[in-house]
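Asks: All I have is the shape, not the residue letters:
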């Protein structure tokens, strides 16, 4: 894994990057990639803020005090979504009662710890890049399905998001509407916080490249199928690694600009990037964090065919 020399600034001071990219301005209407939008009131999202949207029912409040950033949210998106339920996703978006705590003084460890939910967007919607969908083969191989693929319809909308059975709307890839809403003209758009306290950005120019690449060779597996409560289908696993499954990728230190967790040191501070290519959203964290309580254990990255 690529090692970084972390400046003492990261250990002894809060990450407070105040720039034009961190502030939104109301009554500035323009278009990005066909999306017309108007920025909200000027807000420093590294400080306390409230995000209330009556149209969509969004209620998110963030309070910064002492050594914590506390987010209380009903986890309703503050933007347009696709239609739910839909043919690939039978669930309806419902309000949640969520409270998140992020450290104000992140501690970088340099050790990647895999997580299912790496962080939360500024509007209170969680990032969850992986899926629980698995293709199982009679010959013993299991392949975890990626959300962004063309084999199985998981009902994602134009924000690369869909809905869990609990009603929780969540992002699997680049959150299109969030990026548009929080864009202030700079390349780096601040869109959220990871659970270890480091900020999450999106680069409009795409200059930061992930360090994952597709494996060479072909997959193994016979008599494979996928099943969910709505459908069952036979799947042909054979063929080259095309990105349909997590095991199609491997991390190669130095292959791109970003580390194993899709992070990089920018202006002396460690940050995570959401990218258009795999892993899309970080699947691990490089800083100390308190794991969120869950009803089921987070799954590790798909490392390839697993027997049994």
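Replies: Cool, the structure landed. All values derive from a computational prediction rather than experimental measurement. Numbers count the residues shown, from 1 in each chain.
Asks: pretty sure residue 182 contacts residue 122?
Replies: Yes: using Cβ atoms under 8 Å, residue 182 and residue 122 qualify as a contacting pair, with a distance of 6.5 Å. Every C-beta, even on glycine, is put in place using the N, C-alpha and C of the backbone.
Asks: Give me the common contacts of those two.
Replies: In the contact map built from Cβ atoms under 8 Å, 6 or more residues apart in numbering, the residues linked to both residue 182 and residue 122 are 45, 190-191.
Asks: now the residues you listed as JSON lines including neighbour count, secondary structure and pLDDT?
Replies: Compiled in JSON lines, the shared contacts of residue 182 and residue 122 are given as follows (neighbours: other Cβ atoms under 10 Å; DSSP: H, G, I helix; E, B strand; the rest coil; pLDDT from 0 to 100):
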{"residue": "45", "neighbour count": "19", "secondary structure": "coil", "pLDDT": "96"}
{"residue": "190", "neighbour count": "24", "secondary structure": "strand", "pLDDT": "97"}
{"residue": "191", "neighbour count": "26", "secondary structure": "strand", "pLDDT": "98"}
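Asks: Can I get those in TSV including distance to residue 170?
Replies: As requested, the shared contacts of residue 182 and residue 122 are arranged in TSV below (distance: Cβ to Cβ, whole Å):
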residue	distance to residue 170
45	20
190	19
191	14
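Asks: Show me the helices in the chain, by range?
Replies: Along the chain, the stretches classed as helices by DSSP state H are 9-12, 176-182.
Asks: looking at those, which one has the lowest mean pLDDT?
Replies: Of all these, helix 9-12 carries the lowest average pLDDT, namely a mean of 34.
Asks: so who does the closest residue to residue 89 other than its chain neighbours touch?
Replies: With sequence-adjacent residues excluded and distances taken as Cβ to Cβ, 6 or more residues apart in numbering, residue 89 is closest to residue 155, at 2.7 Å. Contact criterion Cβ under 8 Å, 6+ apart gives 82, 84-89, 162-163 as the residues in contact with residue 155.
Asks: Among the residues you listed, name the ones in strands.
Replies: Among the contacts of residue 155, DSSP state E puts 162-163 in strands.
Asks: Counting neighbours, which of the contacts of residue 155 comes out on top?
Replies: With neighbours set by other Cβ atoms under 10 Å, the maximum within these is found at residue 162, which has 25 neighbours.
Asks: which residues sit in contact with that residue?
Replies: For residue 162, the contacting residues are 82, 84, 88-89, 91, 147, 154-156, 169-170, 172, by Cβ under 8 Å, 6+ apart.
Asks: Next: residue 50.
Replies: For residue 50, the contacting residues are 60-62, by Cβ under 8 Å, 6+ apart.
Asks: What about the residue nearest to residue 205 when sequence neighbours are not counted, how many residues nearby?
Replies: In space, not counting the residues next to it along the chain, residue 205 is nearest to residue 187; the distance is 5.1 Å by Cβ to Cβ, 6+ apart. Residues within reach of residue 187, counting by other Cβ under 10 Å, total 14.
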